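Student: Okay, sequence plus prediction incoming.
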Amino acid sequence: MSEMSMERDVQRICTVLEAVQGQMDIPRGWSGSTPAQTPKAAARFKGEFQVLREATGIKAICLRQLADGKLLTGSEDNTLRVWDLVTAECLHTLEGHDDYVTCLEERPNGHVISGSEDATLRVWDLATGECLRILEGHDDYVTCVLQLPDGRVLSGSADEKLRLWTIPEGTDDTGEAVTSQVLEGHDDYVTCLLELPGGCISGSDDSTMRVWDLETAACTKVLEGHEKGVTCLLDLQEGHILSGSADCTLRVWNVSNGNCMKLLQGHNGGINCLLHLPDNQVLACSDDERTFMWQVESETKIQIPGPKILQAERNCLIQLHNSRIFSLTRDEIMRFWS
């Protein structure tokens with residue numbers, strides 16, 4: 001891909017919706033602000049759109065778009081919230097956790113599962129707001145959760161373990177008991193999970209990734225190369241994955257043989273979030289408050305110009321069903337980007 005093509009893609013990503021409500025079909029209920037005049041190179045940002053923080057008073061730290069189009073967020077106030085993305089209205093608030101909500105997944109039956117710094121996971125019925133199950137077993141806070149195709153759930157924790165959960169229908173009072181299996185091997189926090197054909201891969205603050213056979217609970221391969229903790233993982237298809245690390249680099253791996261195929265450098269801060277874009281491009285956010293769009297094949301990158309739009313926490317950057325990007329950032333603002 002040429003640099004000119006990448007420039008066009010950057011402009012496409014960074015052309016934020018116009019600040020006049022309705023001019024470009026801005027969702028109702030979202031406020032916008034237009035930045036001061038800037039040099040032409042940075043003037044691609046047309047507006048900034050945020051939930052009115054005066055009305056919410058929360059800091060969301062993880063999010064997921066649900067199958068019905070609504071947005072689910074987990075927050076530092078220990079709650080989950082369901083948002084209407086058209087009106088920016090909070091439809092439901094789910095309470096029960098005793099500490100920050102750190103990760104979210106949607107179940108095939110429409111229920112959702114949340115992980116928390118209270119070391120538990122909870123299964124929720126969004127229609128009623130009821131907590132159906134409390135999953136206990138981790139000895140430290142839950143960092144990540146992954147819904148598997150066979151209905152089981154995998155979680156990672158600061159206790160250095162993964163747990164594989166079988167969750168029957170019903171509640172703790174009326175249903176069958178929840179069972180879990182422990183997967184051990186990491187020497188530090190489990191930070192991220194990614195599904196693979198027939199198994200999964202986990203990243204850890206011990207700077208490694210481990211490939212797991214979920215039928216035997218055995219670790220089949222250890223991927224080593226990062227100099228600091230692995231923070232995020234992305235599936236590049238055809239047996240390749242991308243990892244981001246606190247060592248400020250991204251690496252492309254061949255999962256079948258465990259070899260590192262590419263080393264992508266350029267960030268000056270730890271990588272904290274990855275998002276897959278069309279044409280094998282990747283958006284990478286880092287602690288240096290810069291965002292790069294990478295063309296992985298050619299190992300080229302372009303910095304996204306303008307304000308610090310995507311300085312995101314882990315689990316805080318997603319592509320919505322309508323292809324817009326939605327971010328939660330450390331300034332506690334929720335933003336749409338086209």
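Tutor: Arrived safely. Remember, it's a predicted structure, so these values are computed and weren't measured experimentally.
Student: Okay, and the beta partners of I113?
Tutor: Counting by DSSP bridges, I113 forms beta bridges with E105, V123.
Student: Quick check, it in contact with Q147.
Tutor: Yes. The criterion here is C-beta atoms under 8 Å, and I113 meets it with Q147 at 7.1 Å. Using the backbone N, CA and C atoms, a C-beta is placed for each residue, glycine as well.
Student: joint contacts of the two?
Tutor: Common neighbours of I113 and Q147, using C-beta atoms under 8 Å, 6 or more residues apart in numbering, are 105-107, 153.
Student: which among the residues you listed end up buried?
Tutor: 105-106, 153 (16 or more other C-beta atoms under 10 Å).
Student: Dump those into CSV; add distance to A246 and pLDDT as well.
Tutor: Below are the buried ones among the shared contacts of I113 and Q147 laid out as CSV (distance: C-beta to C-beta, whole Å; pLDDT from 0 to 100):
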residue, distance to A246, pLDDT
E105, 24, 96
E106, 28, 96
V153, 27, 97
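Student: any idea which of those is the one closest to M261?
Tutor: Taking C-beta to C-beta as the measure, M261 sits nearest to E105 out of the buried ones among the shared contacts of I113 and Q147, at 29.1 Å.
Student: Next one: the closest one relative to Q265, how far apart?
Tutor: 32 Å (C-beta to C-beta, to the nearest Å).
Student: Over to Q319?
Tutor: Per C-beta to C-beta, Q319 is found 25 Å from Q265.
Student: Same drill for these two, tell me which one is more crowded.
Tutor: Remark: of Q319 and Q265, Q319 carries more neighbours, 16 against 12, as counted by other C-beta atoms under 10 Å.
Student: Test my guess that the more buried one contacts L274.
Tutor: No. Under the criterion of C-beta under 8 Å, Q319 lies out of contact with L274, with a separation of 11.5 Å.
Student: how about the helices of this protein, start to end?
Tutor: Along the chain, the segments classed as helices by DSSP state H run 3-14, 53-56.
Student: remind me which residues of this structure are low pLDDT?
Tutor: 1-58, 305-315, 322-323, 328-338 (pLDDT under 70).
Student: 50 instead?
Tutor: Under the criterion pLDDT under 50, the flagged ranges of the chain are 9-26, 32-56, 306-307, 309-310.
Student: what about stretch 158-173, start to end distance?
Tutor: End-to-end distance of stretch 158-173: 29 Å, with C-alpha to C-alpha, to the nearest Å as the criterion.
Student: quick one: buried residues of it?
Tutor: Judged by neighbour count (16+ other C-beta under 10 Å), stretch 158-173 contains these buried residues: 158-165, 167.
Student: Repeat that for stretch 283-293.
Tutor: Buried-residue list, stretch 283-293, by 16+ other C-beta under 10 Å: 283-287, 290-293.
Student: cool, and stretch 92-110?
Tutor: Residues of stretch 92-110 classed as buried by neighbour count (16+ other C-beta under 10 Å): 92, 94, 96-97, 100-106.
Student: chain center to it: distance?
Tutor: 14 Å (C-alpha atoms, centre = their mean, to the nearest Å).
Student: Quick one: end-to-end distance for that stretch.
Tutor: End-to-end distance of stretch 92-110 (C-alpha to C-alpha): 15 Å.
Student: ditto for stretch 160-168
Tutor: 26 Å.
Student: Pull the distance from that stretch to the chain's centre.
Tutor: Chain-centre distance of stretch 160-168: 19 Å, with C-alpha atoms, centre = their mean.
Student: ok, residues contacting that stretch?
Tutor: 107, 113, 121, 123, 133, 135, 137-139, 151-157, 175-184, 186-190, 193, 202, 204, 206, 212, 214, 217.
Student: Of all pairs in the shared contacts of I113 and Q147, which one spans the longest distance?
Tutor: Farthest apart among the shared contacts of I113 and Q147 by C-beta to C-beta are E106 and V153. That separation is 11.0 Å.
Student: which neighbours do these two share?
Tutor: Contact with both E106 and V153 is made by residues 113, 147, according to C-beta under 8 Å, 6+ apart.
Student: Sweet, I'm off.
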